[in-house]
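> got a predicted structure here, sequence first:
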Amino acid sequence: MLKRTHNCGELREQHVGQTVTLCGWVNAYRDHGEGLIFLDLRDRYGLTQLVFDTETGTRELLELADRIRNEDVIAARGTVRLRDGGPNPKLPTGKIEIVVSECEVLSKTAKPPFLPWDDKGQLPGEEVRLRYRYMDLRRPRMQEILAKRHRITKVTRDYFDEQGFLEIETPMLCRSTPEGARDFLVPSRLQPGMWYALPQSPQLFKQILMVAGCDRYLQIVRCFRDEDPRADRQAEFTQIDLEMSFVDRETVLETMEGFARRLWKEVEGVDLPPFERLTYREAMDRFGIDRPDTRYGLELVDVSDLAAKTEFKVFTEALAKPRGVVKCIRVPGGADKLTRKMTDGYSQWVGQFGAGGVPVTKVGDGKLEAGIGKFIEPITAELIERMGAEPGDTLLFGADTYSTCTKALGELRQRVARDLDLIPQGKWNFLWVVDFPMFEFDAQSDRFYALHHPFTAPTPEYVEQLMAIDTDDHSPENIDRVESIVSAGYDMVVNGSEIGGGSIRIHRQDVQSQVFRLLGLTPEQAKQKFSFLLEALSYGAPPHGGIAFGLDRLVMHLCRTENIRDVIAFPKTQTGADLMCQAPNEVDAEQLRELHVASTWTGED
């Protein structure tokens with residue numbers, strides 16, 4: 001085999017006259033007749049034009065070139081010369097070509113299901129590309145993504161190594177725990193009837209490592225959650241997992257903000273400004289979501305006090321509900337941009353979030369026109385002033401309980417921004433969301449849930465209040481007291497996407513036990529499910545906290561794609577299937593017997 005001397009994206013004018021050998025896949029074949037054939041050779045680094053002609057080569061060499069087709073793998077040796085006929089400005093190697101003197105076909109290809117050179121956008125659907133993923137990964141765009149993912153991972157390791165973090169592996173076969181999504185379970189052959197779980201995250205292990213004195217931990221770790229995939233979520237994914245001892249929230253935020261700055265600087269060449277900080281309540285009040293996109297306006301404004309002055313039934317009925325509110329979004333220039341068909345569609349669309357509709361009016365010269373304008377005429381002047389509205393604007397309202405109204409308008413805000421093309425491209429808006437509620441009460445199940453996870457600590461000023469809570473009291477007053485406890489949790493958000501989340505952890509055994517009681521776990525249940533953590537906390541645990549970044553989501557942002565399957569080498573489909581290797585698959589009865597399990601599947605749901 002001819003030994004490669006250069007890659008297909010490397011050669012330039014300074015290499016003219018040199019004898020080189022390139023290896024790769026044939027990207028294109030062009031027979032110009034009269035003893036002249038051109039091949040474009042491609043590898044992950046780029047593309048170079050090869051020339052076969054009878055003036056510089058043999059008839060046998062030309063005949064060999066004539067039998068070569070797209071996606072054949074070849075090695076070619078020849079001399080670099082300036083491109084005959086002028087340069088190709090579309091290629092970095094476009095000023096040169098290789099006049100081939102030797103060629104070896106390393107591998108012939110069957111008829112390709114599609115050609116990976118995608119400059120014309122002629123690609124098949126995603127199912128075909130996932131079925132032939134090895135072909136799909138040959139595409140220059142996919143090679144670029146894989147290279148950028150490698151770069152992101154390297155910058156991550158370099159930064160945290162400089163900060164004194166140790167990279168430590170934690171088990172892939174661990175204990176099933178009750179919180180979070182469904183576990184993937186693995187039967188134990190050596191202990192019949194017993195099961196391992198694949199880790200949803202290394203949460204408990206990284207806390208144990210802090211108790212063990214490791215001080216600063218890093219792991220780029222595979223995690224597994226048995227939940228339905230979607231555009232930005234896979235059941236099998238990768239976290240950048242971190243934990244630090246003897247820190248407060250401020251230290252963690254500064255360290256992780258430094259990481260994001262370093263990453264964007266080295267990968268994107270962008271200097272990020274200081275991150276804005278929003279409390280959970282402020283984010284919900286202003287944007288209707290705890291991961292707000294702050295690149296555009298359309299903020300939610302509470303107009304409940306003004307709505308109370310009207311007799312408009314939609315408003316008065318909403319305000320009569322417990323925690324009822326009326327909120328409003330101003331759409332600048334919406335009178336010309338939003339059609340009646342669009343606003344009617346919004347009223348139907350918000351129904352999926354529990355809202356009854358979207359009352360609408362337009363702002364004229366000191367008055368409200370169309371829609372509900374005539375029903376809220378008494379508050380016209382105050383409303384226009386409150387909203388900072390100008391003639392030609394449209395006002396969109398939500399009226400319901402705080403939860404329903406805020407959720408619906410938060411989603412509507414994003415849809416209007418997309419519909420009117422208000423989201424600026426090429427802009428990075430980072431922020432921290434802090435001061436989340438620690439618990440939320442679910443009336444249907446009559447129990448409290450941890451908003452993040454049960455190992456999140458309260459902020460220091462709420463520890464005493466937490467410890468004084470009667471965990472069996474579900475009266476409205478006590479529910480309010482519990483839901484007012486603020487956690488030491490935090491999320492990093494960029495452009496409306498949560499890319500990292502974490503908290504200061506509970507390091508006191510008595511506080512952790514109180515949280516378990518509040519969540520409805522008896523001491524026996526807590527011991528059964530979390531005995532090793534509770535035991536570890538009893539042997540001297542340092543104050544500690546950490547965060548986990550979604551590596552796949554980071555790569556999605558930095559590669560500017562909205563599909564997580566684009567940034568994972570071998571992803572699953574929306575149904576959790578690997579189309580290339582045909583997984584999941586049936587196994588034979590003997591394997592099941594060895595594992596002491598049997599299938600109950602009958603072929604029917």
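Nice, thanks for sending it over. Numbers count the residues shown, from 1 in each chain.
> figure out how far stretch 225-238 is from the centre of its chain.
Chain-centre distance of stretch 225-238: 10 Å, with CA atoms, centre = their mean, to the nearest Å.
> over to stretch 201-208?
The chain centre lies 22 Å from the centre of stretch 201-208; the measure is CA atoms, centre = their mean.
> just stretch 579-586 next, same as before
Centroid separation between stretch 579-586 and its chain, computed with CA atoms, centre = their mean, is 25 Å.
> quick check on residue 305: phi, psi?
Torsion angles at residue 305 (phi, psi; degrees, to the nearest 10) stand at phi -70, psi -30.
> from residue 383, how far out is it?
Residue 305 sits at a distance of 11 Å from residue 383 (criterion: CB to CB, to the nearest Å). Backbone N, C-alpha and C define where each C-beta goes, glycine included.
> neighbour count winner among those two?
More crowded of residue 305 and residue 383, by other CB atoms under 10 Å: residue 383, with 26 against 12.
> for the more buried one, which non-adjacent residue is spatially closest?
For residue 383, ignoring the flanking residues on the chain, the nearest one in space by CB to CB, 6 or more residues apart in numbering is residue 306 at 5.6 Å.
> which residues in the stretch 101-250 of the chain form strands?
166-167, 185-187, 195-197, 216-224, 236-245 (DSSP state E, counting those that start in this stretch).
> relative to residue 402, how far out is residue 312?
Distance, residue 312 to residue 402, by CB to CB: 19 Å.
> show me which of the two is the more surrounded one.
Neighbour tally, residue 312 and residue 402, criterion other CB under 10 Å: the higher count belongs to residue 312, 21 against 17.
> and that one, what does it touch?
For residue 312, the contacting residues are 359, 372, 375-376, by CB atoms under 8 Å, 6 or more residues apart in numbering.
> and for residue 27?
So residue 27 contacts 39-42, 47, 70, 117 (CB under 8 Å, 6+ apart).
> in a helix, it, correct?
No - applying DSSP: H, G, I helix; E, B strand; the rest coil, one finds residue 27 to be strand, outside a helix.
> could you check the pLDDT of it?
On pLDDT, residue 27 comes in at 95.
> so residue 284 sits against residue 403, correct?
No - taking contacts as CB atoms under 8 Å, residue 284 lies outside contact range of residue 403: 9.2 Å.
> among those two, which residue is more densely surrounded?
Just comparing residue 284 and residue 403: by other CB under 10 Å the higher neighbour count belongs to residue 284, 20 against 14.
> leaving out chain neighbours, which residue sits closest to the more buried one?
Closest residue in space to residue 284, ignoring its immediate chain neighbours: residue 406 at 5.6 Å, by CB to CB, 6+ apart.
> I'd like the next helix or strand past the helix or strand where that neighbour lies.
Using DSSP states H and E, residue 406 maps to helix 402-419. Later in the chain than helix 402-419, the nearest helix or strand by DSSP H and E is strand 430-434.
> list phi and psi for the spatially closest residue to residue 229 that is not a sequence neighbour.
Closest residue to residue 229 apart from its sequence neighbours, by CB to CB, 6+ apart: residue 574 at 5.4 Å. Backbone torsions of residue 574, given as degrees, to the nearest 10, read phi -60, psi -20.
> shouldn't residue 574 be in contact with residue 233?
No - the pair residue 574 / residue 233 is not scored as a contact, 10.3 Å apart, by CB under 8 Å.
> who has more neighbours out of those two?
Counted by other CB under 10 Å, residue 574 and residue 233 do not tie: residue 233 has more neighbours, with 14 against 11.
> roughly how far does the more buried one sit from residue 125?
Counting by CB to CB, the separation of residue 233 from residue 125 is 21 Å.
> ditto for residue 375
According to CB to CB, residue 375 stands 49 Å off from residue 125.
> tell me which of the two has more neighbours.
Using other CB under 10 Å as the criterion, residue 375 and residue 125 rank with residue 375 on top: 16 against 9.
> assign that one to helix, strand or coil.
On the three-state scheme (three-state DSSP), residue 375 is labelled helix.
> can you pull the phi/psi pair for the closest residue to it other than its chain neighbours?
Nearest residue to residue 375 in three dimensions, chain neighbours excluded: residue 312, at 4.2 Å (CB to CB, 6+ apart). With angles defined as degrees, to the nearest 10, residue 312 sits at phi -70, psi 120.
> can you pull the pLDDT of residue 312?
You'll see residue 312 listed with a pLDDT of 92.
> quick one on the thing from earlier: for residue 429, find the nearest of the strands of the stretch 101-250 of the chain.
Smallest distance to residue 429 across these (CB to CB): 20.9 Å, for strand 236-245.
> can you dump the C-alpha atoms of that closest one in PDB for me?
What follows is strand 236-245, C-alpha atoms only, in PDB (Å, rounded to 0.1, in the frame of the first residue of the first chain):
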ATOM      1  CA  GLU A 236     -28.200   7.900  26.600                       C
ATOM      2  CA  PHE A 237     -26.300  11.200  26.900                       C
ATOM      3  CA  THR A 238     -23.100  12.700  28.300                       C
ATOM      4  CA  GLN A 239     -22.600  15.000  31.200                       C
ATOM      5  CA  ILE A 240     -19.700  17.200  32.300                       C
ATOM      6  CA  ASP A 241     -20.100  16.300  36.000                       C
ATOM      7  CA  LEU A 242     -18.400  18.400  38.700                       C
ATOM      8  CA  GLU A 243     -18.300  18.700  42.400                       C
ATOM      9  CA  MET A 244     -16.300  21.000  44.800                       C
ATOM     10  CA  SER A 245     -15.700  20.900  48.600                       C
END
